[in-house]
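Visitor: Kindly generate the corresponding structure for this input.
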Amino acid sequence: MPQPCKGRVLVVDDEANARNALAECLQSEGYLARTASDGNQGLQTLSSFEADVVLTDLKMPGLDGIGFLEQGKKRHPHAAFVVMTAFGSIETAVEAIKKGAESYLTKPLDLDAVSALVERSMERVQLSKEAARLREEVAGRYSFHNILGDHPAMQRLLKQVAQVAPSRATVLIQGESGTGKELIAAAIHHNSKRRDGPFVRLNCAALAETLLESELFGHERGSFTGAANRRDGKFQQADEGTLFLDEVSEIPMPLQVKLLRFLQEREFERVGGNETIRVDVRVVAATNRDLAARVKEGLFREDLYYRLNVVTLEVPPLRARRSDVPLLAQSFLKKYAVENEKDVAGFTEDSIKHLLTYPWPGNVRELQNAVERAVVMSQGEYVDMGDFSALPGQPADNDLGLLLPGISMAEVERVAILKTLDAVGGSTAKAAEMLGISRRKIQYRLREWGMQAKDAS
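Guide: Residues are numbered from 1 along each chain as shown. Below is the predicted model:
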């Protein structure tokens, strides 16, 4: 059974026997190796062969090792360059390291030393690539264009997020459970000047008052039973970053006073401590309750409400942006089809209609869970009605009235096409004739929605 490739190595040396022997040695150890006779050929090879590690001689005709190193590092900053030089030219090797070389090897080469150095360099390069990939993944996940939503209400929200993200303002995010408030908070952080700092989350409804105070502000050793050591709280952990307080409406009144003081003065003391601690933290809070009503009921401090309510963002419920349901459902379907190794391409017409008319009281989170279950239960290429057995059925009368308010022209088109297809038994030709549009347009729309026409040939 062939062994997996350990990485890609380029050997650059003007001595043919030396470079070929070294390349063969590296090949035998599981690396994919290429060779070049001088610096110019090395640059040409790097343009098509993305080496992880480059072993280069220093003294070569044409473009020498130093010149090759300087140009190669500019074009391929993630590659590790190792220079090879005669024992008497250590000064040149040191110069190469100052210009970005990973290390150097002296000739004649010790193959064990070469093997160890290439392995260490390869590990560092691969760790660097993985870190870069993870940074891109995080940036992609929280960039505005990857928060799915074509409905005008979502587009307005994302424009507001883009405006508020670079500021220092405290943000209050309001919306029902499951609408994606934490995703919006994370997008604010990752598109702000604090993106390199921590993004710390705390669900204020999940802890008792004493534990919540310790979680927020930290505690000193012996300040209460079980406090065996001093502990930093979330505010300190979030220094130079963002603290996301989910379900902020559930913070008990005594703690609201301490939170208000922090928002006003940016300082606090640990539980059981006297030392005043100052940190630079941006607070983003979220709630699924009406905070103004909580103020009137005497359950939330009015002054704290105004401190949190500097900028308010409203996340619309899924039933108010139904045109996004197929978009979200298709995205979740792709994700869970890969995770569960299922060959599922999309949804049938009946299942899409069911998704569009279901009220989604649990919002995007409920849709995500429903699609995951449907993908797991599906036995065909397309998810059908029966795969959504966990969702309650809907009344047969699913006209446009059930989709109001919040219907867009895209939704009108979708409902018109799907209901007409249903009325004519799935015939795209008959539906096109009734709607006064081309059959091709109906087929295109169905493909766009991840659906298959019943009369497709």
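Visitor: Do me a favour and average the pLDDT over stretch 194-209.
Guide: What stretch 194-209 shows for mean pLDDT is 91.
Visitor: which residues sit against that stretch?
Guide: With CB atoms under 8 Å, 6 or more residues apart in numbering as the test, stretch 194-209 has contacts from 182, 186, 189-190, 212, 215-216, 234, 237-252, 254-255, 282. In this view, the C-beta of every residue, glycine as well, is placed from N, C-alpha and C.
Visitor: for stretch 239-247, same thing?
Guide: 181-182, 185-186, 188-189, 192, 194, 197-206, 234-235, 251, 279-288.
Visitor: count of residues packed around Glu372?
Guide: 16 (other CB atoms under 10 Å).
Visitor: should've said Leu255
Guide: By other CB under 10 Å, neighbour count at Leu255 equals 17.
Visitor: Quick check, it in contact with Leu212.
Guide: Yes: counting by CB atoms under 8 Å, Leu255 touches Leu212, with 6.3 Å between them.
Visitor: and Asn229, how many neighbours?
Guide: Neighbours of Asn229 (other CB under 10 Å): 8.
Visitor: re earlier: tell me which entries of the contacts of stretch 239-247 lie within helices.
Guide: Lys181, Glu182, Ala185, Ala186, Ile188, His189, Lys234, Phe235 (DSSP state H).
Visitor: contacting residues for the last one?
Guide: In this structure, Phe235 makes contact with Leu216, Phe217, Gly218, Leu243, Phe262, Phe268, Ile277, Val279, Val281, judged by CB under 8 Å, 6+ apart.
Visitor: before we move on, back to that, show me which of the contacts of stretch 194-209 are buried.
Guide: 182, 186, 189-190, 212, 215-216, 234, 237-239, 241-251, 255, 282 (16 or more other CB atoms under 10 Å).
Visitor: Run through the strands of this structure in chain order.
Guide: 8-12, 32-36, 53-57, 80-86, 103-107, 171-174, 199-203, 241-246, 267-269, 276-278, 281-287, 311-314, 346-347, 382-383 (DSSP state E).
Visitor: show me where pLDDT drops low in the stretch 101-250 of the chain?
Guide: Counting by pLDDT under 70, the stretch 101-250 of the chain shows low-confidence ranges at 132-146.
Visitor: quick check: domain ranges of this structure?
Guide: 8-137, 159-314, 319-448 (automatic domain parsing).
Visitor: Need those domains in TSV (columns: distance to Ala153).
Guide: What follows is the domains of the chain, written out as TSV (distance: least, CB to CB, whole Å):
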stretch	distance to Ala153
domain 8-137	28
domain 159-314	9
domain 319-448	5
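Visitor: Select, out of those, the one closest to Leu148.
Guide: Nearest to Leu148 among the domains of the chain is domain 319-448; the distance by CB to CB comes to 5.5 Å.
Visitor: ok now the closest one, how far from the chain's centre?
Guide: Put simply, domain 319-448 sits 26 Å off its chain's centre (CA atoms, centre = their mean, to the nearest Å).
Visitor: what's the span of that domain, first residue to last?
Guide: Domain 319-448 stretches 21 Å from its first residue to its last (CA to CA, to the nearest Å).
Visitor: for stretch 421-435, same thing?
Guide: Using CA to CA, the two ends of stretch 421-435 sit 10 Å apart.
Visitor: Identify all contacting residues around it.
Guide: Contact with stretch 421-435 is made by 349, 353, 416-417, 420, 438-439, 441-443, 446, 453-456, as judged by CB under 8 Å, 6+ apart.
Visitor: any idea how far Ile437 is from Leu117?
Guide: Using CB to CB, to the nearest Å, we find Ile437 at a distance of 67 Å from Leu117.
Visitor: Settle it for me: which of those two has more neighbours?
Guide: Leu117 (19 against 16).
Visitor: contacting residues for the more buried one?
Guide: Val82, Ser103, Leu105 are the contacts of Leu117 under CB under 8 Å, 6+ apart.
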